[in-house]
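K.L.:
turn this into a model:
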Amino acid sequence: MKKIISLFCAVCIALPLFSQVRGNIAIPDLKGYVTLKCDFHIHTVFSDGTVWPTVRIDEAYREGLDAISLTEHIEYRPYVNKDMIASHNRTYEIAQSAAQSRGIMLVRGSEITRDMPPGHHNAIFLTNSDELDKPDYMDAFRAAKAQNAFIFWNHPCWDSQQPDTTLWFNEHTQLLQQGMMLGIEVVNGSNYCPEAHRWCIENKLTMIGNSDVHGPMQNFAPGKHRAMTLVFARSVTPEAIHEALKERRTAIYSEELIIGEDKYLKELFENAVEMNIEKIDNAVRITFKNKSDLTFHLKKTAHDTRLVYFRDYTIVPNGIHTITVGLQDGVRGGDVNFSVENFLVEPNKGMKYTIKI
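P.N.:
Below is the predicted model:
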């Protein structure tokens, strides 16, 4: 009887593991790098979230993520009571086994939660979150830096802390100069912060995008997804993610937006979309084959007016599209110029691209 009960319990524990199918979001790799899908800002009941840590692993598995960090607030833990172990490492310890079984890389992290300035910051790749529990916020940042953590500023556009304008304070300059701010969350949930985007460019900081989820993660409709950071890593390891973050090899994937440096976004576009060019009479036919789950919104830019082509065009995920470029007044070829409007290389500015025909 004991064996039967033990077997029954084992099956019950295993059922959630095998009842889910691992999700997949098709985004191309870059030359020399693998594209990893990551979320570095997540909460559970060990701060102000409403789900158990292992649930976050199941959600990440279901959505096809490669790595996550459970970043509980150091200073704000309304759901932690005397019956729960108070260590700030507890979330990581609970979720670690589930992450290993699911093939999800779990990064130890915490959120330093202070009023503005300096606001909220996540420190990830920690070795001991308890060391960040300090009365003075600078001591908390120093403790994170001493552990070689990657520290980034969360949601600078959050209206609860900056209700009128989004400002950079002297405290942020101090953190930047002392190597205690290495990135900024340009996207938090569904909110894009153009000021943060600009600050990343000006200060050579890593661009980060996260869900900041507190409640249960919704079941996304086909083609939908949480906000995430795309990390261009040398290998599928936490160490490679850490190195890529420090070297600013990231982009942000939020709804249909991709946000990042021009060189990475251009290669993503070229690796996702296969192009075939064919001359026909007084025109050129361009066939786009999208091999990814990304959407591309194209908009014509300045060009030779003897080339007649689309004003606006959308390449849908996993679709094949053929456009015709008319050649007028004896022109034999030229540049088809457009921008990919949802590939932001500067605040609210799309990526320029040219196809030579």
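
K.L.:
all the strands of the stretch 251-357 of the chain, in order from the start?
P.N.:
257-260, 273-280, 283-290, 296-300, 307-308, 312-315, 320-327, 335-346, 349-356 (DSSP state E, counting those that start in this stretch).

K.L.:
so which elements touch the second one?
P.N.:
So that's strand 273-280. Strand 273-280 sits against strand 283-290, with contacts defined as 3 or more CB pairs under 8 Å, 6 or more residues apart in numbering; DSSP states H and E. All C-beta spots, glycine's among them, are computed from the backbone N, C-alpha and C.

K.L.:
for the record, mean pLDDT for the strand it packs on?
P.N.:
Averaged over strand 283-290, pLDDT sits at 98.

K.L.:
with just CA atoms, put it into CSV.
P.N.:
What follows is strand 283-290, C-alpha atoms only, in CSV (Å, rounded to 0.1, in the frame of the first residue of the first chain):
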residue,chain,number,x,y,z
ALA,A,283,9.8,46.1,-63.2
VAL,A,284,11.6,44.2,-60.5
ARG,A,285,9.9,41.6,-58.3
ILE,A,286,11.1,41.2,-54.7
THR,A,287,10.0,38.2,-52.8
PHE,A,288,10.2,38.3,-49.0
LYS,A,289,10.2,35.0,-47.1
ASN,A,290,9.9,35.6,-43.3
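
K.L.:
now for it, which elements pack on it?
P.N.:
strand 273-280, strand 320-327.

K.L.:
quick one: strands adjacent to that strand?
P.N.:
strand 273-280 (antiparallel), strand 320-327 (antiparallel) (DSSP bridges).

K.L.:
from these, which stretch is densest packed?
P.N.:
strand 320-327 (a mean of 15; mean count of other CB atoms under 10 Å).

K.L.:
will you turn the strands paired with strand 283-290 into a markdown table that also has mean pLDDT and distance to Leu294?
P.N.:
Formatted as a markdown table, the strands paired with strand 283-290 follow (pLDDT from 0 to 100; distance: least, CB to CB, whole Å):
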| stretch | mean pLDDT | distance to Leu294 |
| --- | --- | --- |
| strand 273-280 | 96 | 9 |
| strand 320-327 | 97 | 14 |
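
K.L.:
let me have those strands in CSV, adding distance to Gly23 as columns.
P.N.:
Shown next, in CSV, are the strands paired with strand 283-290 (distance: least, CB to CB, whole Å):
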stretch, distance to Gly23
strand 273-280, 23
strand 320-327, 24
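
K.L.:
one step back: so which of the strands of the stretch 251-357 of the chain comes closest to Pro118?
P.N.:
Checking the strands of the stretch 251-357 of the chain against Pro118 by CB to CB gives strand 257-260 as the closest, at 23.0 Å.

K.L.:
now distance to Ala144 too, for the strands of the stretch 251-357 of the chain, in a markdown table please.
P.N.:
A markdown table is the format used below for the strands of the stretch 251-357 of the chain (distance: least, CB to CB, whole Å):
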| stretch | distance to Ala144 |
| --- | --- |
| strand 257-260 | 25 |
| strand 273-280 | 40 |
| strand 283-290 | 41 |
| strand 296-300 | 38 |
| strand 307-308 | 54 |
| strand 312-315 | 42 |
| strand 320-327 | 47 |
| strand 335-346 | 29 |
| strand 349-356 | 33 |
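
K.L.:
which of these sits most buried?
P.N.:
By mean count of other CB under 10 Å, the strands of the stretch 251-357 of the chain have strand 257-260 as the most buried, with a mean of 25.

K.L.:
just checking, what packs against that strand?
P.N.:
strand 183-188, strand 206-210, strand 250-254, strand 335-346.
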